[in-house]
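Participant: take this sequence and fold it.
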Amino acid sequence: MAVAILFVTAISLYQEIKSSKAIQSLRQLVQPGVMVIREGKEQEISIEELVPDDIMLLEEGMKIPADAVILQANDLNLNEAVITGESLPVDKNEADGNSKLYQGTLITRGQCIARVTATGNNSVLGKIGKQVAGYESPKTLLQLQINKFVRMLALFGLIAFLAIFIVNYLHYSLFATSLLFALTLAMSAVPEEIPVAFSSFMALGAYKMSKLGIISRQPQVIENLGAVSVICLDKTGTITENKMKLKVIYDFAEDVLTDMDSDSPVFIKDILRYAVLASESNPFDPMEKAIWEAYRFHTLAKEQNAMKMVYEYPLEGRPPMMTHVYEGGSGKVIAAKGAAERIIAACKLDSDISSKVMKQVQNLAGKGYRVIGVANAYHAEVELPASQDDFKWQFKGLLALYDPLKKNIPDVLKKLAAAKIDIRLLTGDYPETAIHIANEAGISNPLKCIKGEDVMGMKEEELREEIKRSFVFARMFPDAKLKVINALKANGEIVAMTGDGVNDAPALKAADIGIAMGSNGTDTAKQVSELVLTDDNLEKIVSAVREGRKIYTNLVKAIRYIIAIHIPIILTASLPVILGWAYPNIFTPVHVIFLELIMGPTCSVFFEREPVEDTIMLSAPRNAKEGLFTFNELLISIIQGLFITAGVLSLYYIFMQKGRSIEETRNIVFTTLILSNVFLTFASRSFTKNIYYTSRYKNKLAPVIVLVSVVFLLLLHFAAPVRELFALAPITGKEFSISFMVAFASVMWFELYKSVFRKAKA
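Facilitator: All right, here's what the predicted structure looks like:
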């Protein structure tokens, strides 16, 4: 018994260690890096390698990895709520008293070069003990369901233990013997394989997904993947290439549209000049990079570098706008860019002209372009206005940039639609642009579009109804995205959200599964998400959903197998005692432990490696709020167990009544149970397809299980030391055949049931 118990423990321990190693590997994969300057060269290192006096290059979307002091800043804005509790972002620069950066704070805009002053526990965040590593995630719904189920069976085992102990003690009046037989039943009743199977399936599943380029920050999120019913897609960088190119310029003064692919007239340089002046000198944003690229191509690109920026108004407002102020002789040169309607409003154009310009905006947006407005001003006074809207703006024109749809997006969305998953597009672009992209991507009902301001104006109940029939959302900002996600969840949907920017972070965090882009995504997006796609390929989402459904389905197979095989073990150990049979205790702990040795690896290794069924991505997602099983599924597993029990107990009773010895009876019972277990393993490979189909499933462990079972049965019947260990006596070949046929019939009726069930459904 001691050796066997150690063996069982070793199997469970092996699975736990394997799971832990898988989780550790995942953590290493999602650890963010930081760009530093060492020995005059830029290089990326892990955060753990940072030391004081390292020079870091930090940009928008990053979390500060260590305490530091700013050496040079460009339009830098941080959220320091994790340190100060203040939710409003603060501006930072290299000036004394405003140059300190703290670990854990978030860069919401701009970039900087900073020198590390403290790391790890020596940082301010480390000293106040707010390390993320100390956070324990709450248990998931499936974990709670499994724990509840195991507790119920454990309670049953405890009650059965007491009952068997009392009955045996009244019969034998021997405490030790009664305790031993009661423990045998208790061991057979407690399904300790279920928690082991759960942790193994989730950890190993997450590790396998990492090999496909899908990094799971929390292995337990795998259980929700199979239940995802809605995926909300950000546009830029998610379904588009995030490689913007300036395509068209509209010059307001000349009232001319210029295609940038053709020979461009001289006057577009003036618009490009102010667009560049309103951009960062070393841009992070793809749109600003595209503006700079066009400017350098059409000009000598020296003017902007020659001018000194003295002030900048940050990107703000709904819709947003940003302004840069430069020294310009006796006054100041002002340049602004932003959402076209905001720039038009700031320029105070009269209604007719404004309508004319907005028609150009809508025309360009309808072609899928991202449209921004450009304006300039000259300010002679010393004091600058408090608001950037208060300059005397002159409208210069429009820039239309194109970010092409990724080539595989229509195919990806078709696969998700086939899996009965709804798609929503949430973008900050104009409605016309959103509609164009949605139509090109193949999103349902693309012509109906709701704007972010409309979302914020709706009551919760109104929005919950509206999002059932609306699939395209434009002019969305973080609060509006968050409200849509929460409304979908309130409707009972399991929501996945994709994104790559800081503005996506609230929605990514609120979604049941946040999915960040690994190549172009910000550190903030990655750190609040549950999944990271290493190469930004949305095809990986299809793979992730398929893997999530497969893991959940295989876990249910394993648990249903565990339930079905535990029933005959429990009843064979208990009913003869209760009914007062001549051989009341057919099993000793050695037999039960051996059966546990078979069941443990079967459920946590064999079923975990089962292949995905070909129809798994054609069915609707499961309802995550339902229990682990439906009543009918649980009933079938119980009936399977009862059929095996009936076969085993029938042979048990017949051999006992014929006067065969307890050792012979034990042999026929034990052999029948082992054979039933083998047949049940293969019958449990599918709930709907019979063995004719499942025999074609590619699982390398299938022949291993058959071979090991055959070898053990040969040893059990022909090796005297093995028989003695299990207290068995030889049986004839005819009796073995009877045992085989009874085991086969006790299990394989389910194959006939599946065939009939399939025909009935068809």
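Participant: next SSE downstream of whichever helix in the chain runs longest?
Facilitator: Across the chain, the helix with the greatest residue count (assigned by DSSP state H) is helix 539-579. Going down the chain from helix 539-579, the next helix or strand is helix 589-601, by DSSP states H and E.
Participant: report the buried residues of the helix or strand following that following helix.
Facilitator: For helix 589-601, the succeeding helix or strand toward the C-terminus, using DSSP H and E, is helix 631-657. By neighbour count on 16 or more other Cβ atoms under 10 Å, the buried set for helix 631-657 is 634, 636-637, 640-641, 643-645, 647-649, 651-653, 655-656. All C-beta spots, glycine's among them, are computed from the backbone N, C-alpha and C.
Participant: now swap in stretch 708-717 and tell me
Facilitator: Buried, per 16+ other Cβ under 10 Å, within stretch 708-717: 709, 713, 716, 717.
Participant: just checking, the last one touches residue 731?
Facilitator: This points to residue 717. Yes. Counting by Cβ atoms under 8 Å, residue 717 touches residue 731, with 7.4 Å between them.
Participant: and for the two, which residues touch both?
Facilitator: Counting by Cβ atoms under 8 Å, 6 or more residues apart in numbering, the common neighbours of residue 717 and residue 731 are 667, 671.
Participant: pick the one among the buried residues of stretch 708-717 closest to residue 308.
Facilitator: residue 709 (82.2 Å; Cβ to Cβ).
Participant: state the pLDDT value of the residue nearest to the closest one when sequence neighbours are not counted.
Facilitator: Leaving out its chain neighbours, the residue that sits closest to residue 709 by Cβ to Cβ, 6 or more residues apart in numbering is residue 678, at 4.8 Å. On pLDDT, residue 678 comes in at 90.
Participant: what does the one 4 residues further on give?
Facilitator: The predicted structure scores residue 682 at 91 on the pLDDT scale.
Participant: for it, what are its contacts?
Facilitator: Counting by Cβ under 8 Å, 6+ apart, residue 682 touches 691, 694, 695, 702.
Participant: quick check, it in a helix?
Facilitator: Yes. Counting by DSSP: H, G, I helix; E, B strand; the rest coil, residue 682 is part of a helix.
Participant: what's the angle from whatever helix or strand residue 750 lives in to helix 539-579?
Facilitator: Element membership for residue 750 (DSSP H and E) is helix 733-761. Computed by axes from the mean of the first three to the mean of the last three Cα atoms, to 10 degrees, the angle separating helix 733-761 from helix 539-579 equals 130 degrees.
Participant: how's this protein carved up into domains?
Facilitator: 50-130, 141-211+543-761, 214-240+406-534, 245-402 (automatic domain parsing).
Participant: looking at the ones you listed, which is buried most?
Facilitator: When the domains of the chain are scored by mean count of other Cβ atoms under 10 Å, the highest mean neighbour count falls to domain 214-240+406-534 (a mean of 21).
Participant: how near is the closest residue to residue 499 other than its chain neighbours to residue 511?
Facilitator: Once flanking residues are discounted, residue 499 sits nearest to residue 234: 4.4 Å by Cβ to Cβ, 6+ apart. Noted for residue 234: a distance of 11 Å to residue 511, by Cβ to Cβ, to the nearest Å.
Participant: any residues in contact with both of the two?
Facilitator: With Cβ under 8 Å, 6+ apart, residue 234 and residue 511 have common neighbours residue 497.
Participant: can I assume residue 310 sits in a strand?
Facilitator: Yes. Residue 310 sits within a strand when classified using three-state DSSP.
Participant: quick one: contacts for it?
Facilitator: With Cβ under 8 Å, 6+ apart, residue 310 has these contacts: 325, 326, 327, 332.
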